[in-house]
Structure formats: C-alpha cells, structure tokens
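Peer 1: Okay, predicted coordinates and the sequence, questions at the end:
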Amino acid sequence: MLRTVQLLLLALPTWSMVNNADLIWFDDDGKPQNYFARQPYPEGFNQTSKLVVNQKFPLLWEVKFEFFDNLEELVIDDCGVNDVLPGTFKDLQPLANLSLALNNIKAVKEGVFNFVRVKNLNLEHNRIQVVSPRAFDNMPHLERIVLDFNELRRWSGEWFFNCSRLATVSITHNFLEELPPKAFRNFWLGVEQVSFYFSYNKIDRIDREAFAGSGNFGDLFLDWNDVPRVDGHTFGKLTSVEHLNLNGDSLRCLSEEFINGVLNKTRLVSVLENPLKCDCLKELKKRQGSVRAEVVYSPEQTVDC
C-alpha cells in the first residue's frame with residue numbers, strides 16, 4: 001500500500017514548500033502531521049480525512065488513493081500544477097472537498113472532473129482561460145464551485161450538465177464579457193435556489209434571453225462590471241431573486257419595465273456607486289414602499305438632486 005502513495009511522491013522532482021514534508025496529514029484530533037516519502041507510514045495515516053500535498057510538480061495525473069479509505073478533503077494548492085489529466089480524481093471516494101488553488105492551470109479539459117463525486121471544488125487563483133464544454137459534466141454531488149481570479153472571457157450555458165445539486169457558482173475577478181442566451185439552462189434540476197457571483201468581470205452585454213428558463217436565484221451578483229443598462233425585458237425573465245447586486249456598474253437609470261417588474265421579484269437590489277440620473281433616482285425613491293424590493297443607494301445618492 002505504501003507504494004500507492006509513493007506514485008505521487010516520487011514520479012516527478014520535488015522540493016520543499018512550507019517545510020520538507022511531502023504530505024501533511026491530520027490525526028484524529030485534527031492536528032497536522034508530516035509524512036516523508038520512503039518512510040513507513042505511521043499509525044492512523046491511512047485513516048486520515050484530510051491530506052495536503054506539499055510538493056511542486058507540473059503535471060497531475062491519475063493517482064490511486066484507495067489507500068485512504070476516509071479521505072474527505074484533498075488540498076493541492078500552490079504546487080505549480082500546469083495541467084491535470086482526465087481521470088485524475090475519478091477514484092477518490094468519499095472525497096467531498098478538493099482544492100487546486102494557486103496553481104498555473106490554463107485549461108480545464110473534458111473528462112478531468114467528469115463523474116468526480118466532490119461537493120466542493122476550488123480552482124481559484126489559477127490562469128484558466130479555457131473550460132471545455134464537457135469539463136464539469138456529470139458531477140451529481142457537486143454543490144459549490146469557485147473559479148475566482150482566473151482569466152476566463154466566456155461563460156457557457158453548456159457547462160455543468162447533470163450537476164443537479166450545484167447551488168453556488170463563484171467566478172469573480174475574471175474577464176467575462178457577456179451572458180449568452182439561456183446562460184443557466186443546466187441549473188435548478190435538484191435544488192430550489194442557486195447563487196451566482198460574477199463580480200469584478202468585464203460584462204457589458206446580457207443577451208435578452210440570458211435568463212430564459214431560469215429558476216429562483218439566491219444571490220445574483222453582477223457588481224463591478226461594465227453593465228450600461230438593465231433591460232426590463234431581459235431581467236423580466238427572472239423568476240425571483242433574493243439579492244440582485246448591481247453595484248459599481250455604469251447604470252444611468254432603471255427602466256420602467258425593470259421598476260414595475262423586476263423590483264417585485266427581488267427582496268434586495270443594490271445599486272451603490274452607479275451614476276444614476278437625478279430623475280431616475282427620484283423615481284426610485286418615489287416607488288419605495290410600493291414595490292417588493294428594498295433598493296440600496298450610495299450615501300451621495302441619497303441627497304436631494
């Protein structure tokens with residue numbers, strides 16, 4: 001069984017990161033323990049629920065982890081990973097949390113995460129520019145994915161096919177430019193509410209059919225993008241939203257269709273740090289109390305025009 005672990009530890013040159021250990025594992029009390037390659041494994045090692053890989057290697061390939069029967073969390077952060085081959089994680093059970101943050105991954109290929117059973121997947125702070133249309137298919141246990149601080153320019157409605165439990169998608173601090181038609185077609189199959197975080201992108205186009213067929217949103221964050229206007233017909237296709245965040249965009253006004261329709265489908269709408277025109281701001285203030293949503297403004301927006 002020790003040879004199984006050494007597949008990962010010895011196949012490529014390594015050097016120390018935080019310390020000289022090759023793996024950090026956690027005992028029953030949650031205390032971190034060091035493991036060094038070529039050493040006999042200590043008592044409790046194969047029963048650990050969490051492993052932190054403490055090496056540098058450019059290629060992540062299929063590794064058999066059946067040795068760790070109770071492994072629930074695997075952290076491969078800041079390991080210099082450039083590429084992940086399809087099938088790498090397919091045998092990791094009962095793994096629930098997988099983190100590949102702070103690496104140099106540029107593309108997520110088809111098959112890399114297909115049928116992987118994790119609940120939480122963290123890919124933040126990489127250099128991801130391309131996500132295959134089938135990269136995240138058939139992940140029926142996935143509940144949360146984080147793609148923050150990458151270099152994606154395109155969001156695809158084809159992503160996340162058969163990910164019925166997915167309830168949180170965070171893709172902040174990227175370079176997304178548009179929400180395409182039926183952008184959320186693969187959601188709400190097994191959950192009642194889904195939250196999306198598109199903060200700090202470059203979105204300046206939202207297709208009129210972007211929200212077609214969508215269900216109930218928890219948070220819908222489009223803040224700090226380049227959205228010049230909110231089309232009442234486009235957003236009118238929303239079913240309901242708990243918090244619609246439009247802070248820091250380029251909004252000059254909210255259309256009559258938006259005020260009459262969308263503000264009655266949301267609980268909270270944030271329009272902080274937008275250059276709202278005086279007439280529009282007065283109209284919004286006038287409608288407060290007659291629409292369902294609470295509308296939040298910047299302090300300087302609350303003074304009389």
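Peer 2: Yep, that arrived.

Peer 1: residues touching L59, list them.
Peer 2: For L59, the contacting residues are L12, V81, N82, D83, L85, by CB atoms under 8 Å, 6 or more residues apart in numbering. To be clear about C-beta, it is placed using only N, CA and C from the backbone, and glycine gets the same treatment.

Peer 1: Weed out the non-buried ones from those residues.
Peer 2: In those, burial by neighbour count holds for V81, D83, counting by 16 or more other CB atoms under 10 Å.

Peer 1: Let's have the contacts of L59 in JSON lines, adding distance to G30.
Peer 2: As requested, these are arranged in JSON lines below (distance: CB to CB, whole Å):
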{"residue": "L12", "distance to G30": "30"}
{"residue": "V81", "distance to G30": "26"}
{"residue": "N82", "distance to G30": "32"}
{"residue": "D83", "distance to G30": "33"}
{"residue": "L85", "distance to G30": "32"}
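
Peer 1: now, which of the contacts of L59 sits nearest D207?
Peer 2: When these are compared for distance to D207, the smallest value, 32.7 Å, is given by D83; criterion: CB to CB.

Peer 1: roughly how far apart are the closest one and I105?
Peer 2: Here the criterion is CB to CB, to the nearest Å. By it, D83 lies 7 Å from I105.

Peer 1: Same question for V84.
Peer 2: Applying CB to CB, one obtains 6 Å for the distance of V84 from I105.

Peer 1: cool, V241 as well?
Peer 2: Here the distance between V241 and I105 works out to 32 Å (CB to CB).

Peer 1: The two: which has the busier surroundings?
Peer 2: Neighbours were counted for V241 and for I105 using other CB atoms under 10 Å; V241 has more, 24 against 21.

Peer 1: Is the nearest residue to E273 once chain neighbours are set aside in a helix, a strand, or coil?
Peer 2: Of all residues beyond its chain neighbours, the one nearest E273 is G248 (4.5 Å), with distances taken as CB to CB, 6 or more residues apart in numbering. Assigned by DSSP: H, G, I helix; E, B strand; the rest coil, the conformation of G248 is coil.

Peer 1: so where's the chain uncertain?
Peer 2: Low-confidence segments of the chain, defined by pLDDT under 70: 1-19, 62-66, 302-305.

Peer 1: Which stretches in the protein count as helices?
Peer 2: Shown for the chain, the helices assigned by DSSP state H span residues 2-10, 232-235, 256-261, 278-287.

Peer 1: For the third one, which helices and strands make contact with it?
Peer 2: Counting contacts by 3 or more CB pairs under 8 Å, 6 or more residues apart in numbering; DSSP states H and E, helix 256-261 is packed against helix 232-235, helix 278-287.

Peer 1: Identify, out of those helices, the most deeply packed stretch.
Peer 2: Of all the helices and strands packed on helix 256-261, helix 232-235 has the most neighbours on average by mean count of other CB atoms under 10 Å, namely a mean of 19.
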